[in-house]
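1. Quick one: sequence plus predicted model below, questions after.
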Amino acid sequence: MSLKGEIDRRRTFGIVSHPDAGKTTLTEKLLLFGGAIRVAGAVKSNKIKKGATSDFMEIERQRGISVATSVMGFEYKDIKINILDTPGHQDFAEDTYRTLTAVDSVIVVIDAAKGVEAQTRRLMRVCRMRKTPVIVFINKLDREGKDPFELLDEIENELDIKVRPLSWPVGMGKRLRGIYNMYDGKLNIFTGEDKQVAEEPIQISADSDEIIDYIGEDYTQQLRDDIELVNGVYPPFENQTYLNAEVSPVFFGSALYNFGVKELLECFIDIAPTPRPSEAEERHVDAYENKFTGFVFKIHANMDPKHRDRLAFIKICSGVFQRNTNYLHVRNGKKIKFSSPTAFMASKKSVIDEAYPGDIIGLHDTGNFKIGDTLTENEQLHFKGLPSFSPEMFKYIENDDPMKSKQLAKGVDQLMDEGVAQLFTVKMNGRKIIGTVGALQFEVIEYRLLHEYGAKCRWEPVGFHKAVWFDSKNTEQIEDFKKRKYKQVAEDKHGNDVYLAESAFDLDRAKEKFPDINFHLTNEF
Ligand code: GDP
């Protein structure tokens, strides 16, 4: 197949949700359609169970699973689909955000009873920032949930997006009768039986008289009224507005019962974007260019401390990646070739010879890669769009074993390169602060420092709210600001100035008092 053919048949996306909305269940059902797995239950939930935070074996076990489920590729109707996992819950980490920089689109799963939840909000903020096309899947229709119109309003208001339903529920919970698919104008009857295998649905039009035989007159009337209202309230669906990230199509269903999932998948392969162009500092890189380019968006350390090698996850941006071919590692100027690049098909890993834009490959790494590194055939390119996000939890990190201070410094340095968390050094006294977006990260760091580097650390609380990068053309104001806030000014790992705000109020005050200073909650590196 031509390069264009290979690119055109690829869809790389992430499923995001608040924990328990049904991301794992939906992923599994999608994999079943692709024949990538045979039975439900094959995909292990990637989340760390509640109460397991101090159980380090559990952390290790989960890290193993999280490699296996990081990327799940499968084929459906000749379309190569790559699902990138976005860990949630207590293992929510910067990785979760960064993964969103490697996807071309997103499916967001929302629990019909709970509506929009905190983590969905955080992740959707990143999608909006990056203008990522989003499809919404409202899940758990087999249970009592909120009114569909109310849910759509909530999604529009809370996630700051526009929606357009492409399917519509007939009843809900115990009264769930079916789903009307507005995308192809057919009704799918809910039998509530088969939880494992998706059967070919019985399909009939909402306008036909026949539909009454299936769902009765009341439901038919309600459905026809609802559809009329939907068509009155929401503009007709246009693929381009979805691709521009202006409007998000919405599907309803029940992942558990594998109901409404096929409609979602069929529409997804029709409308979801093929690999999108990537922005480098130097230029715009089109997926269809002949020369290979790619970047590292995730690094996974080996769980076995005796083998310090790591797996670097590369998103292919353009051209064809080939095994045993020399590529330029732009940051260090070296040419490297890879003898065993791996691809991820469902939960299997296998060595591949070639990979195309949209694909994710794993490269064995002995410490050459950092998050954000670019690989090319020979060009000096630096991909953009891998921001660091302000952490939300901060602790001082102290050395707890004076004999091992070098090991600690090295361990911290390498873990930060892996993107496990962010390091800030307070300018006033040189104290080091680790910032994370998830609580578990502190335990992971402590554990890994000990087991991989033989270093012992101790945490001390510090009450910061956000790390805020700042800059200004007004040097006088910058100097004044630094002087006044000297206790809260730090440097990030790359030497950028960071203001550690104590509260939202503190930050607002700073913005008011220093109008010429730009404050940023994200920083591209
Ligand atoms: P995740 O945390 O988003 O990955 O959520 P899971 O897929 O692990 O689902 C959380 C819980 O909700 C599990 O007990 C699922 O069996 C259940 N669940 C998922 N989808 C549905 C659904 O459509 N209906 C019902 N009733 N339960 C569901």
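-> Perfect, I can see it now.
2. Run through who's touching stretch 464-479.
-> For stretch 464-479, contacts defined as Cβ atoms under 8 Å, 6 or more residues apart in numbering pick out 390-392, 394, 422, 424, 433, 435, 481, 488, 490, 492, 496-504, 506-507, 514, 516-523. For glycine as for every other residue, the C-beta is placed from the backbone atoms N, C-alpha and C.
3. Which members of the residues you listed are classed as buried?
-> Burial by neighbour count, 16 or more other Cβ atoms under 10 Å: within these this picks out 390-392, 394, 422, 424, 433, 435, 481, 488, 490, 492, 496-501, 506-507, 514, 517, 519-520, 523.
4. Among the residues you listed, which are located in helices?
-> In helices, judged by DSSP state H, the following of the buried ones among the contacts of stretch 464-479 are found: 481, 506-507.
5. which one among the residues you listed gets closest to the ligand?
-> Taking Cβ to the nearest ligand atom as the measure, L507 is the one of those closest to the ligand, at 31.9 Å.
6. how about that closest one, what does it touch?
-> L507 neighbours (Cβ under 8 Å, 6+ apart): 465-466, 468, 499, 501, 519.
7. go again using 7 Å as the cut-off
-> 466, 468, 501, 519 (Cβ atoms under 7 Å, 6 or more residues apart in numbering).
8. Now name the helix or strand holding the second one.
-> Pointing back at V468 there. strand 466-471 (DSSP states H and E).
9. Give the buried residues for that strand.
-> Buried residues in strand 466-471, counted by 16+ other Cβ under 10 Å: 466-470.
10. Among these, which one lies nearest to I212?
-> K466 (57.0 Å; Cβ to Cβ).
11. Show me the beta-bridge partners of the closest one.
-> For K466, the residues forming beta bridges with it (DSSP bridges) are A501.
12. Roughly how far does D147 sit from the ligand?
-> Between D147 and the ligand the distance is 18 Å, computed by Cβ to the nearest ligand atom, to the nearest Å.
13. measure that residue to N518 for me?
-> Going from D147 to N518 by Cβ to Cβ, to the nearest Å gives 43 Å.
14. Just the endpoints, please. Distance across stretch 157-172?
-> With Cα to Cα, to the nearest Å as the measure, stretch 157-172 spans 23 Å from end to end.
15. what's the answer for stretch 314-326, then?
-> 15 Å.
16. Give me the contacts around it.
-> Contacts of stretch 314-326 (Cβ under 7 Å, 6+ apart): 3, 102, 278, 285-287, 289-297, 335, 337-339, 341, 352-361, 363, 375, 383.
17. Smallest gap between the stretch 51-200 of the chain and the ligand, at which residue?
-> For the stretch 51-200 of the chain, Cβ to the nearest ligand atom, closest residue to the ligand: K140, 3.9 Å.
18. I figured that residue hits G22, correct?
-> Yes - assessed by Cβ atoms under 7 Å, K140 is found in contact with G22 at 6.4 Å.
19. Name the residues contacting each of the two.
-> Joint contacts of K140 and G22 (Cβ under 7 Å, 6+ apart) are D111.
20. Contacts only, for the residue of the stretch 51-200 of the chain closest to the ligand.
-> Residues in contact with K140 (Cβ under 7 Å, 6+ apart) are 22, 111-113, 254.
21. per the record, what domains does the chain have?
-> Domain assignment for the chain, taken from automatic domain parsing, gives 3-174+236-271, 278-376, 387-524.
22. Quote the end-to-end distance of the second one.
-> According to Cα to Cα, domain 278-376 extends 13 Å from its N-terminal end residue to its C-terminal end residue.
23. ends of stretch 263-277, how far apart?
-> For stretch 263-277, the end-to-end distance is 28 Å (Cα to Cα).
24. Can you give the contact residues for that stretch?
-> 7-8, 10-13, 30, 33, 76-77, 79, 104-105, 133, 135, 137, 166-167, 179, 181, 183, 188, 239, 242-243, 251, 253, 284-287, 357-358.
25. what about N188, neighbour count?
-> Number of residues near N188 (other Cβ atoms under 10 Å) recorded here: 21.
26. and it, which of the three is it?
-> What DSSP: H, G, I helix; E, B strand; the rest coil gives for N188 is strand.
27. What distance do you get for it to G260?
-> Counting by Cβ to Cβ - N188 and G260 are separated by 7 Å.
28. Same check on V247?
-> Distance from V247 to G260, by Cβ to Cβ: 20 Å.
29. between these two, which one's more packed in?
-> More crowded of V247 and G260, by other Cβ under 10 Å: G260, with 26 against 21.
30. what's the more buried one in contact with, if anything?
-> 167, 179, 251-254.
31. same thing with E377?
-> Taking Cβ under 7 Å, 6+ apart as the test, what E377 contacts is 291-292, 327-328.
32. E282: how many residues sit nearby?
-> E282: 12 neighbours (other Cβ under 10 Å).
33. thought D365 was touching R310?
-> Yes - here D365 reaches R310: they are 4.8 Å apart, a contact under Cβ under 7 Å.
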